[in-house]
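In: Have a look; sequence and predicted model below, questions after that.
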Amino acid sequence: MVERARYCLRHGGGAEVSLTEISRAAHHSPSTLIYQFGSYAGLKDSVFTDIVLELAERIHASARGHSAVVSSAPPEAASLINAAAKALREWVTEEPEAAEFVVRHMPTNLGGASSDRSVAPLRSLAALLLPSLSVDQDSLARSVPVLHQGANTVLRFAQAAKDDETFASFFDTALAAMDTAAGLLDG
């Protein structure tokens, strides 16, 4: 059913696809979807999680072979940032509806996330890209407002950037700012 919801996102519903559209595409009644996912919010959480897990895997795959610590040697850090930025730009270009959905439905606090599963890819990306942030539940919870705004800003810029080099420079600056803010909030 999550696949049908994603299909609706890609082919007509955009970020605000309705439960009725998804139920038609999945050949189930809206009440069956509500039963399966607990609520419409639960269905959107499942779609969000699947999208972000794919994005996280894409970014991790692009960064393989690089240090997981951005603050290591500068050339290695720059290479990691460039690889992650390129993967993110490619994803935003290939999956514009998914990017829009992520911007609109990213949890603004971890307590409000419908499942621990939806937090896992966010924690994974934070561990890769923000070395000053301890990725335990309490640290992430304190830092979520900064991470939420930063991620949304990065995705919006990725949608608008004219070239990879400009976006990579912006991405590096945004990550440094989020890392500093997250480190201060974590302190």
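Out: Received, thanks.

In: Going along the chain, name the helices of this structure.
Out: Using DSSP state H, the helices of the chain run over residues 2-8, 19-26, 30-37, 40-63, 74-94, 96-105, 116-129, 137-160, 164-186.

In: And for the spatially most central residue of the chain, nearest residue in space, chain neighbours not counted?
Out: By Cα atoms, centre = their mean, the mean C-alpha position of the chain lies nearest to Val52, the distance being 4.6 Å. Take Val52 and drop its neighbours on the chain: the residue closest to it by Cβ to Cβ, 6 or more residues apart in numbering is Pro121, 4.1 Å away. Glycine gets a C-beta too; all of them are placed from N, C-alpha and C.

In: other SSEs contacting the helix or strand of the chain with the lowest mean pLDDT?
Out: Using mean pLDDT, DSSP states H and E, helix 116-129 stands out as the lowest-scoring helix or strand of the chain, at a mean of 73. Using 3 or more Cβ pairs under 8 Å, 6 or more residues apart in numbering; DSSP states H and E, the elements in contact with helix 116-129 are helix 40-63, helix 137-160, helix 164-186.

In: which of those is buried the deepest?
Out: Across these, averaging neighbours per residue (mean count of other Cβ atoms under 10 Å) puts helix 40-63 on top, at a mean of 19.

In: Spatially nearest residue to the residue of the chain positioned farthest from its centre, not counting backbone neighbours?
Out: Distance from the C-alpha centroid of the chain peaks at Ser29, with 29.3 Å (Cα atoms, centre = their mean). Excluding its sequence neighbours, the residue lying closest to Ser29 (Cβ to Cβ, 6+ apart) is Ser23, at 5.9 Å.
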